[in-house]
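K.L.:
structure, please.
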Amino acid sequence: MITKRACIYPKDIQRITGRSERYGRKLLNQIKEHLDKKPHQFVTINEFSEYSGIEIDIINLYIN
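P.N.:
Purely as a prediction, here's the structure:
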């Protein structure tokens with residue numbers, strides 16, 4: 001069985017966008033604020049895809 005992660009981390013955003021890890025943390029906080037999530041809650045790959053406009057297939061290439 002192949003397991004895939006459900007959530008995205010700042011390091012993943014850094015690899016996908018080519019920006020800094022600090023930018024990834026800032027972007028995750030903006031997404032959480034936009035989605036009315038609490039600070040301890042995770043951002044899923046689907047939520048990141050919808051917010052950023054990047055297709056899930058492209059995101060999966062960088063995460064796996």
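
K.L.:
surely N46 touches I56?
P.N.:
Yes: applying Cβ atoms under 8 Å, one finds N46 in contact with I56, separated by 6.8 Å. (Glycine included, C-beta is placed from N, CA and C.)

K.L.:
three-state assignment of K37?
P.N.:
Taken by DSSP: H, G, I helix; E, B strand; the rest coil, the conformation at K37 corresponds to coil.

K.L.:
contact partners for the nearest residue to it once chain neighbours are set aside?
P.N.:
Nearest residue to K37 in three dimensions, chain neighbours excluded: V43, at 7.2 Å (Cβ to Cβ, 6 or more residues apart in numbering). Taking Cβ atoms under 8 Å, 6 or more residues apart in numbering as the definition of contact, the neighbours of V43 are C7, I8, L28, I31, K32, L35, K37.

K.L.:
same question for Y51.
P.N.:
Counting by Cβ under 8 Å, 6+ apart, Y51 touches I31, H34.

K.L.:
elements contacting the helix or strand harbouring I13?
P.N.:
Secondary structure assignment for I13, by DSSP states H and E: helix 10-17. Applying 3 or more Cβ pairs under 8 Å, 6 or more residues apart in numbering; DSSP states H and E, one finds that helix 10-17 contacts helix 21-34, helix 56-63.

K.L.:
rerun at 10 Å
P.N.:
Counting by 3 or more Cβ pairs under 10 Å, 6 or more residues apart in numbering; DSSP states H and E, the packing neighbours recorded for helix 10-17 are helix 21-34, helix 45-52, helix 56-63.

K.L.:
what angle sits between it and helix 56-63?
P.N.:
Following axes from the mean of the first three to the mean of the last three Cα atoms, to 10 degrees, one obtains 120 degrees for the angle between helix 10-17 and helix 56-63.

K.L.:
pull helix 10-17 out as CSV, backbone CA atoms only.
P.N.:
Output in CSV follows, covering the C-alpha atoms of helix 10-17 (Å, rounded to 0.1, in the frame of the first residue of the first chain):
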residue,chain,number,x,y,z
PRO,A,10,6.6,25.1,4.2
LYS,A,11,9.4,23.0,2.8
ASP,A,12,7.1,21.6,0.2
ILE,A,13,6.0,25.1,-0.8
GLN,A,14,9.6,26.1,-1.1
ARG,A,15,10.3,23.3,-3.5
ILE,A,16,7.2,24.0,-5.6
THR,A,17,7.5,27.7,-5.8
